[in-house]
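Peer 1: Mind looking at a prediction? Sequence and model below.
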Amino acid sequence: MNKESILRMAAGAIEEKVDYEVTRVIENILDINTKPDAKRKIVISLEFQPDSERKHIGLNVTAKSTLCPTAATSTSLYITADGNGEMVVAEMVPQIPGQYAMDGSEQPQPKILRLVAQ
């Protein structure tokens, strides 16, 4: 009698679920937008449901990964007036728009937030 691991039951679907979550964890580790040394986790849940005669057992398997969230992105906004005197919100830029940097690049105009009237 050849005995197998329970992970190979369900025509390999249980093992496939675990491998899928491992792939998600590895991709998350390789994502440069996540903290490199943060812990990741995979929880495999095996739920056994026997019948009243204890002869038939239903098995439900779930695999769930806990990944590291991506790092926060931040910017600074400045409330000002446009050329018509209307209030606008502009994203702060490191230099004066149109000014040239040491590498020859020009500072582009800041992004202006579109305000929606209610």
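Peer 2: Cool, the structure landed. Residues are numbered from 1 along each chain as shown.
Peer 1: I14: neighbour count?
Peer 2: If you count neighbours by other C-beta atoms under 10 Å, I14 ends up with 20. For glycine as for every other residue, the C-beta is placed from the backbone atoms N, C-alpha and C.
Peer 1: Next, the contact list for it, please.
Peer 2: Contact analysis of I14 by C-beta atoms under 8 Å, 6 or more residues apart in numbering lists I6, L7, R8, V61.
Peer 1: rerun at 7 Å
Peer 2: Shown in contact with I14 (C-beta atoms under 7 Å, 6 or more residues apart in numbering): I6, L7, V61.
Peer 1: and the gap between the residue nearest to the second one when sequence neighbours are not counted and R40?
Peer 2: In this structure, L7 finds its nearest non-sequential neighbour in E15, 4.7 Å apart by C-beta to C-beta, 6 or more residues apart in numbering. Using C-beta to C-beta, to the nearest Å, one gets 19 Å for the distance from E15 to R40.
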